[in-house]
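Q: What shape does this take:
(chains A and B)
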Protein chains: 2
Amino acid sequence: MDGMNELRKKVNGAIESYLAEKEPAKLYDAVKYLPSAGGKRLRPIIAMLACEAVGGKRENTIPFGVALEIIHTFTLVHDDMMDKDEIRRGMPSVHKKFGEATAILAGDALFAKAFEITTEVKADSDIVQRLVRNLSVMSREICEGQQMDMGFEEADDISEDDFLIMIEKKTAKMFEYAALGGAIIGEGSEAEQKILQDYGRKLGMAFQIWDDCLDVIGKEIGKPVGSDIREGKKTLIFLHAMRESDEKEKLMEHYEIKDMSDDELNDAINILNRAGSLDYAKEKAVKFSTDAREKLRGLKDSNARNMLDEIARFAVEREK
Amino acid sequence: MDGMNELRKKVNGAIESYLAEKEPAKLYDAVKYLPSAGGKRLRPIIAMLACEAVGGKRENTIPFGVALEIIHTFTLVHDDMMDKDEIRRGMPSVHKKFGEATAILAGDALFAKAFEITTEVKADSDIVQRLVRNLSVMSREICEGQQMDMGFEEADDISEDDFLIMIEKKTAKMFEYAALGGAIIGEGSEAEQKILQDYGRKLGMAFQIWDDCLDVIGKEIGKPVGSDIREGKKTLIFLHAMRESDEKEKLMEHYEIKDMSDDELNDAINILNRAGSLDYAKEKAVKFSTDAREKLRGLKDSNARNMLDEIARFAVEREK
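A: Modelled structure (predicted):
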């Protein structure tokens, strides 16, 4: 998308300059490892555009956006440990590379750093206070989502409602607070703040559900293809199949295998497709994306608004 | 100490009311487990007294003090995982009780909660912003201290200066920011803030060094006696012996044994005593305590100042 690269560059430069600490070297090498590895930088970009869409200066959101990106990274570091994922963005995950003790600590240091950076937002102190509060509540909700997600691994019967609450907490809240934070920093009206908050949450839902679809479609997202299925991860796609498929037992067997062969993986994917489960999840994702885009109509027309619209469209069209 | 119990009760009540979340149950059971298990509550008490000593209302520091105590607890949860310690305050540590994944997450949720609570301090937003900044810098320094501490395990030659920097970051900074935060909330003068900041740091140093002495003296601190020696932990006492003892080789042998017998432990303690290493560390602790108390003379006389003085005296007289 035009303009996105420019924003991404700004974010990358800011991340590098905010993560300037060097000693103890082992700690800060681990701290910088994942934030420096690139990424879409969607959360800070959304904050910038939301700010601009309500008439603020996008530059003013940069410390806040970097804080969001760093909190996002911190959750990846700790989640990879909890989920025993050894690959992240095509590289060894932090605990594989630096050991578990340093990975715990690097995550903690990133989390601390995020709040430190938030206090550097150039805005009135009451705005900074509100941003800190939102980021802390958001982070706690992410923990709740991750705990729910881990609980689902052992649960037999997960309702779609509970699943949606889980991804809302674990993923969508961060998009919600990114857009809301941008609107707060841009001093948008209450109505504008509400619109952007809703936009962000719906976008986050679309994004996460589409991510789960991509795992089945088999495109490259920096993880081995079909890894959710191999890990027995209960996504919206799986939950649909467990309700609708007449090959439930077979599917369940596949999900319970520890080391799945490629043939078994293909068979599982075929079962999901025959039950229409992939299409079902895709439609859900598209619906969230459409809802997000409709919310934006409540804002004045602007280049930033159009870019936010583009992002919501892209969320459910991307192939990686 | 008179009056301390009353303050501790206030803190305990506040901790309970701030940690009111319930779902997901597994997460919040783990979150509350250690904060509810009691403790000296020194950090919030120091914040209250520092505030009162500069003319502020001690109640105003309570959210900040609870945040400090919760950050302290969060570091214990994660440190116990890194150090593979299975006992804390005489109970199974959080990762033993709830599993490693939930322990990582409970620590993260506690950390998030601490910032959330800090935003509830009843003070001008610029004061809250400064408290958030101090707490985040402090937390990062604690991570640096823990990384240094872990690095020392594999290091052959640790200077006393490096050791003191490590405990300053890992332990003393938290006392420093407790006292400084109290002074900030109480709107003390710059000079008063500086005095209390210095007092807190020196108190923290005294406290940690005395803690290391207690491990050798063999009193009850909720951990098995001599556990530092059994774990081969390089304290000030050990570093002194490695400089001064003529039984270095024997001592090093003991420290390198994985499962030490009681006889070997006693022999190691005797070597430390013969080298005068325990006395050396005790004197260091007392010196920090004395320096802390001298700082307080720069403040107006008050009951709160006398209690801070008492705490510094107690830090190097306590038997647990």
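
Q: Going by C-alpha atoms from here, please, whenever you check contacts or count neighbours.
A: Will do.

Q: isn't A:Asn60 right next to A:Glu120, touching?
A: No - with contact defined as C-alpha atoms under 8 Å, A:Asn60 does not reach A:Glu120; the gap is 9.9 Å.

Q: neighbour-wise, which of the two wins?
A: A:Asn60 (20 against 15; other C-alpha atoms under 10 Å in any protein chain shown).

Q: show me the contacts for the most centrally placed residue in chain A.
A: The centroid of chain A falls nearest to A:Thr171 when counting by C-alpha atoms, centre = their mean (4.6 Å). Counting by C-alpha atoms under 8 Å, 6 or more residues apart in numbering or on different chains, A:Thr171 touches A:142, A:204-205, A:208.

Q: repeat for A:Leu180
A: Contacts of A:Leu180 (C-alpha under 8 Å, 6+ apart): A:47, A:50, A:193-194, A:196-197, A:200.

Q: For chain A, just list every one of the strands.
A: For chain A, strands defined by DSSP state E occupy the ranges A:87-88, A:91-92.

Q: Tabulate those (TSV), appending mean neighbour count.
A: Converted to TSV, these look like this (neighbours: other C-alpha atoms under 10 Å in any protein chain shown):
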stretch	mean neighbour count
strand A:87-88	18
strand A:91-92	14
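
Q: Same list (these) but as a markdown table, adding distance to chain B and mean pLDDT.
A: Compiled in a markdown table, the strands of chain A are given as follows (distance: least, C-alpha to the nearest C-alpha, whole Å; pLDDT from 0 to 100):
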| stretch | distance to chain B | mean pLDDT |
| --- | --- | --- |
| strand A:87-88 | 18 | 90 |
| strand A:91-92 | 19 | 95 |
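
Q: coming back round to it: tell me the one among the contacts of A:Thr171 nearest to B:Val132.
A: Of all the contacts of A:Thr171, B:Val132 sits closest to A:Ile142, with 20.4 Å by C-alpha to C-alpha.

Q: if I look at that closest one, how far off is chain B?
A: Computed as C-alpha to the nearest C-alpha, to the nearest Å, the A:Ile142 to chain B distance reads 9 Å.

Q: what pLDDT, on average, does the longest helix belonging to chain A get?
A: Once chain A is assigned using DSSP state H, the helix that runs over the most residues is helix A:125-154. Mean pLDDT, helix A:125-154: 97.

Q: Of all the residues in it, which ones are buried?
A: Neighbour-count burial for helix A:125-154, counted by 16 or more other C-alpha atoms under 10 Å in any protein chain shown, picks out A:125, A:127-150, A:152.

Q: Now the residue sitting furthest away from the middle of chain A: closest residue in space, sequence neighbours ignored.
A: Largest separation from the mean C-alpha position in chain A: A:Asp246, at 32.7 Å (C-alpha atoms, centre = their mean). Counting by C-alpha to C-alpha, 6 or more residues apart in numbering or on different chains, A:Asp246 lies nearest to A:Ala275, which is 7.7 Å off, once chain neighbours are set aside.

Q: Give me the pLDDT for the one you found.
A: Looking at A:Ala275, the pLDDT reads 97.

Q: surely it meets A:Met242?
A: No - if you go by C-alpha under 8 Å, A:Ala275 and A:Met242 don't touch, sitting 9.1 Å apart.

Q: neighbours around A:Gly298, how many?
A: Neighbours around A:Gly298, by other C-alpha under 10 Å: 12.
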